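In: When you get a sec, could you give me coordinates for this:
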Amino acid sequence: MDLLTQNFGTIAQGKELSVPYPIENLGTEAARLSGEVTFSYPCCVEVEVPKKILEPGEKMDVVVKFDSEFRPGPLDVFVDLPFEGGKVPTKLHLGGVVRPELVVSPTGLKFEEVDESIQFEVSGEALFTEFDVTGIENSYEEIEVNEVSRDDARIIYEVTWHGSLEDDEFREIAVLTNHSEVMRYPIVIAPPGAKI
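Out: Now for the predicted structure:
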């Protein structure tokens, strides 16, 4: 069956989408969902399928939900619906662009040594014009965070790991902002002993 695609255009970062896809069984036998619904995006997507069996001529809306808070930039989500029998779409596509108002890169830092330092950058189209960074949330003594540089387009931070080599517990720090939708942007810290 053909791919059903929808493009939402451009939305502001932090907005949530709920996009219904009308599905109809145009076949002469029942269409059965034979497995788990999967999608091509690593996070921020939920899919709601109200029925596992769709009789001939029956209709339903499959809803794809997307939270754009931590996913700025182009979006291409493909959803696989493992229907067997009947004649229904088995693949959905959601496309568009989330205006990159706040971009943090990278969003995960893996340390290998004690006193090792890794940098991350905060940037975005609306940084310094529509919102500002108000601080860094860090409640860990073994993690040191310092601002290294700042210009009219970005801020560079340096994170230093002062804990032990054997530590394997993931931690989370966060960039804090006064952005109306993205007030806290998390960064995962993987100590030297963490398995990733």
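
In: Can you report how many residues lie near the nearest residue to residue 106 once chain neighbours are set aside?
Out: Counting by Cβ to Cβ, 6 or more residues apart in numbering, residue 106 lies nearest to residue 120, which is 5.9 Å off, once chain neighbours are set aside. Quick note: C-beta positions are derived from backbone N, CA and C, even for glycine. Neighbour count of residue 120, defined by other Cβ atoms under 10 Å: 20.

In: Would you agree residue 120 is in contact with residue 108?
Out: No: in this structure, residue 120 is not within contact of residue 108 by Cβ atoms under 8 Å, at 9.3 Å.

In: so who does the residue nearest to residue 106 touch?
Out: Residues in contact with residue 120 (Cβ atoms under 8 Å, 6 or more residues apart in numbering) are 104, 105, 106, 107, 109, 156, 157, 159, 187.

In: Please enumerate residues in contact with the one helix or strand in the chain whose mean pLDDT sits lowest?
Out: Lowest on mean pLDDT, DSSP states H and E among the helices and strands of the chain sits strand 38-39, with a mean of 88. Around strand 38-39, the neighbours that count as contacts under Cβ under 8 Å, 6+ apart are 45, 47, 64, 77, 78, 79, 80, 82.

In: For the residues you listed, which single residue is the most surrounded?
Out: Most surrounded of those: other Cβ under 10 Å gives residue 79, at 23 neighbours.

In: distance of it from residue 156?
Out: Using Cβ to Cβ, to the nearest Å, residue 79 is found at 37 Å from residue 156.

In: Excluding chain neighbours, what is closest to the residue of the chain most remote from its centre?
Out: Distance from the C-alpha centroid of the chain peaks at residue 28, with 38.8 Å (Cα atoms, centre = their mean). The shortest distance from residue 28 to any non-neighbouring residue, by Cβ to Cβ, 6+ apart, is to residue 56 (5.5 Å).

In: quick one: secondary structure of the residue farthest from the centre of the chain?
Out: At residue 28 the chain is in coil, as set by DSSP: H, G, I helix; E, B strand; the rest coil.

In: Domains in this structure, by residue range?
Out: Domain assignment of the chain by automatic domain parsing yields the ranges 4-99, 103-190.

In: Tabulate those domains (TSV), appending distance to residue 196.
Out: Output for the domains of the chain, formatted as TSV (distance: least, Cβ to Cβ, whole Å):
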stretch	distance to residue 196
domain 4-99	14
domain 103-190	5
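
In: Would you single out the least confident of those?
Out: Lowest mean pLDDT within the domains of the chain: domain 4-99, at a mean of 93.

In: mind checking the end-to-end distance for that domain?
Out: End-to-end distance of domain 4-99: 24 Å, with Cα to Cα, to the nearest Å as the criterion.

In: In contact with the residue found closest to residue 24 once you drop the neighbours it is linked to in the chain, which residues?
Out: Of all residues not flanking residue 24 in the chain, residue 59 sits nearest, at 4.5 Å (Cβ to Cβ, 6+ apart). Contacts for residue 59 (Cβ under 8 Å, 6+ apart) come out as 22, 23, 24, 25.
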